[in-house]
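Peer 1: all I have is the shape, not the residue letters:
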Ligand code: ADP
């Protein structure tokens, strides 16, 4: 399997690039943010719980996120590989993911981080908020909180995989095609 983590702050372009990578490398795309929004759209109990955190710019608790992720992976055996987008966002999530993949006889091949400065991502998210319909994209205080959560809880995930020589940083500024080219080059050299 080819298992990749697409990493980077909110608004760094993970979703856009994931869609292109999925096509090129024939991978299954798992976005925990999309999964939560699907649950919210269906007014499930899980959706309501997730929304209470997302609207505050906070991470959804690990126990909830990990069990949802585990089920999605276990429900899709036999895929060529998986691109994880927006997961893992804490070291506990990374450890749970490593364990889950080890049980399946596989592992993470690499983590590619899109490097985009804070002021640029705030602008991108506000712009996206004009059309995304996402309440967490419209409020500057919520965006700031998401960036704080990323800096405090999520950046250690980069170091977790760096310990195994698996983390790479990619310049996330430029055109969608330029960034895609850089990502493919990094992945092809794994
Ligand atoms: P973005 O990367 O722009 O923040 P996402 O769709 O990945 O967008 O995430 C939106 C929100 O969903 C996050 O702010 C968080 O509240 C929640 N979320 C998504 N993935 C996770 C995760 N792995 N762990 C905890 N919360 C998550």
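Peer 2: Nice, I can see it. Model, not experiment: these values are computed from the prediction. Numbers count the residues shown, from 1 in each chain.

Peer 1: for the longest helix seen in the chain, what is the distance to the chain centroid?
Peer 2: In the chain, taking DSSP state H as the definition, the longest helix is helix 118-132. Averaging C-alpha positions (Cα atoms, centre = their mean, to the nearest Å) puts helix 118-132 17 Å from its chain's average.

Peer 1: for it, packing partners?
Peer 2: Secondary-structure packing of helix 118-132 (3 or more Cβ pairs under 8 Å, 6 or more residues apart in numbering; DSSP states H and E): helix 140-149. C-beta: built from backbone N, CA, C; applies to glycine.

Peer 1: any residue of the helix it packs on touching the ligand?
Peer 2: Yes. Helix 140-149 lies within reach of the ligand by Cβ under 6 Å from any ligand atom, at residue 146.

Peer 1: helix 118-132 and that helix, what's the angle between them?
Peer 2: Computed with axes from the mean of the first three to the mean of the last three Cα atoms, to 10 degrees, the direction of helix 140-149 lies at 130 degrees from that of helix 118-132.

Peer 1: what does helix 140-149 rub up against?
Peer 2: 9-11, 55-59, 89, 118, 121-122, 125-126, 135-137 (Cβ atoms under 8 Å, 6 or more residues apart in numbering).

Peer 1: among those residues, which ones are buried?
Peer 2: 9, 10, 11, 57, 58, 59, 89, 121, 122, 125, 136, 137 (16 or more other Cβ atoms under 10 Å).
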